[in-house]
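Participant: Quick one: sequence plus predicted model below, questions after.
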Amino acid sequence: MSDASLSSNHSRYIRQETLVGCAFNGVLSVVFAFIVFRGVASIPLWGPDGMAVDLVPTVFMITLVGNLIVTVLTRKRVAAGQVPRLAPASRQRLPRNALSRMLLLAVVFTAVLVPLSILALWAMRIESLPFWLFVGFKVVYGAAVGALSAGIVVRAALRDGNRPVEAVPAPQA
């Protein structure tokens, strides 16, 4: 469903949850960076303790955990009538089960984003990053991963449940 066919309530909610998700995922990325790399002066691109390896759990966990939280909160808000439900998609592309949906998205996002990210770092000739620059990278990277997945996840969660569907006004000619 394109944004043009969403009600203003839906569009606002999707933007709001995307921004909150970006902030949450940025913070989550920093927490993991401190847990894994605290005390390391420089993080190499390659090797068992390198950025290339670190990106795998980063993308997987951000997509899984961050979006599972967004799904649960959105479902609760729809059930409470705080946010109107979206009509089911004519063709359901994602699993209806939230955990299955998040696992699928986590695997797909990891399989696509990690190689592209490693290629970008390699193309920029980044061989290592000092710890604090790496932490900054993780904030931005985590927020970007959240931004890429949030719209998909929020739309799917808005279609879950059994509350009445909000009527979307017909486009003005």
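Facilitator: Looks like it arrived, so ask away. Residues are numbered from 1 along each chain as shown.
Participant: quick one: the residue nearest the centre of the chain and residue 159, what's the gap?
Facilitator: The residue lying closest to the centre of the chain (CA atoms, centre = their mean) is residue 146, at 2.8 Å. The spacing between residue 146 and residue 159, counted by CB to CB, to the nearest Å, is 20 Å. Where you see a C-beta, it was placed from the backbone N, CA and C, and this is true even at glycine.
Participant: Repeat that for residue 28.
Facilitator: For residue 28 relative to residue 159 (CB to CB), the value is 26 Å.
Participant: Which parts of this structure are helices?
Facilitator: Taking DSSP state H, the helices of the chain run over residues 8-37, 51-61, 67-79, 98-123, 131-159.
Participant: Low-confidence ranges, the protein, go.
Facilitator: 1-5, 90, 92, 161-173 (pLDDT under 70).
Participant: In terms of neighbours, single out the busier of residue 28 and residue 159.
Facilitator: Here residue 28 and residue 159 are compared on neighbour count by other CB atoms under 10 Å; more neighbours surround residue 28, at 22 against 19.
Participant: That one contacts residue 64, doesn't it?
Facilitator: No - judged on CB atoms under 8 Å, residue 28 makes no contact with residue 64 at a distance of 10.9 Å.
Participant: returning to what we had before: so the residue nearest to the centre of the chain sits against residue 22, correct?
Facilitator: Yes - if you go by CB under 8 Å, residue 146 and residue 22 touch, sitting 4.6 Å apart.
Participant: Same question for stretch 75-87: list its buried residues.
Facilitator: Across stretch 75-87, burial judged by 16 or more other CB atoms under 10 Å covers 75, 77-78, 83-86.
Participant: and which of those is nearest residue 132?
Facilitator: For the buried residues of stretch 75-87, the residue nearest residue 132 by CB to CB is residue 77; the value is 37.3 Å.
Participant: Pull the contacting residues for residue 21.
Facilitator: The contact partners of residue 21, by CB atoms under 8 Å, 6 or more residues apart in numbering, come to 66-67, 70, 146-147, 149-150.
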